[in-house]
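Peer 1: have a look at this prediction, sequence included:
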Amino acid sequence: MPRTWKTAILAGLSSCALATAASAQNYPFTAGDYTEVSMIDVADGGGMQYATFLADQWRKSQEFAKAQGWITGYAVFSNYNSRPGEPDLYLSVTFASLPDGAEDERRNQAYRDFMKRTDAQMSAESGDRTKYRTVMGSFLLRELKFK
């Protein structure tokens, strides 16, 4: 191969390497929405009762939050091939940002008004659901969108 061809090929490869190195210095993602995921263990024989709660009360509360613009979506996922100790269900709620304290309190009051319940009543109802479900914990995810 003639020397000029080798020089041209090396110059071309070098320019590609420099462009790749420069673009690799910028992070390829931008922050997206948050998704909070709750992990639920359903007691044996409690599946229908909990499914009814989710389809009625939980769904109603999520639709209210969505109508207010507080969340962008929600879903129920079944852990189809669960192993011992893993949750049966995952409840997800997606939202664009976390509210500050004042906004959080305003939302809580609006939710209580919508549900026509006090904090004490909602806490008691949650306690009653422990008969057929256990909240194993939760985690907060943030979507990373490609730039």
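Peer 2: Looks like it came in fine. Numbers count the residues shown, from 1 in each chain.
Peer 1: show the average pLDDT along stretch 104-115.
Peer 2: The pLDDT scores in stretch 104-115 average 96.
Peer 1: that stretch: how far from the chain's middle?
Peer 2: Relative to the chain's own centre, stretch 104-115 is displaced by 21 Å; criterion: CA atoms, centre = their mean, to the nearest Å.
Peer 1: which residue packs closest to Thr118, ignoring adjacent ones?
Peer 2: For Thr118, ignoring the flanking residues on the chain, the nearest one in space by CB to CB, 6 or more residues apart in numbering is Arg112 at 6.7 Å. Yep, even glycine has a C-beta here, placed from its N, CA and C like the rest.
Peer 1: can you name the residues in contact with stretch 51-58?
Peer 2: Stretch 51-58 is contacted by residues Val76, Leu91, Arg129 when judged by CB atoms under 8 Å, 6 or more residues apart in numbering.
Peer 1: could you redo the last one with a cut-off of 10 Å?
Peer 2: Applying CB atoms under 10 Å, 6 or more residues apart in numbering, the contact partners of stretch 51-58 are 40, 42, 46, 50, 59, 62, 74, 76, 89, 91, 93, 115, 122, 125, 128-129, 132-133.
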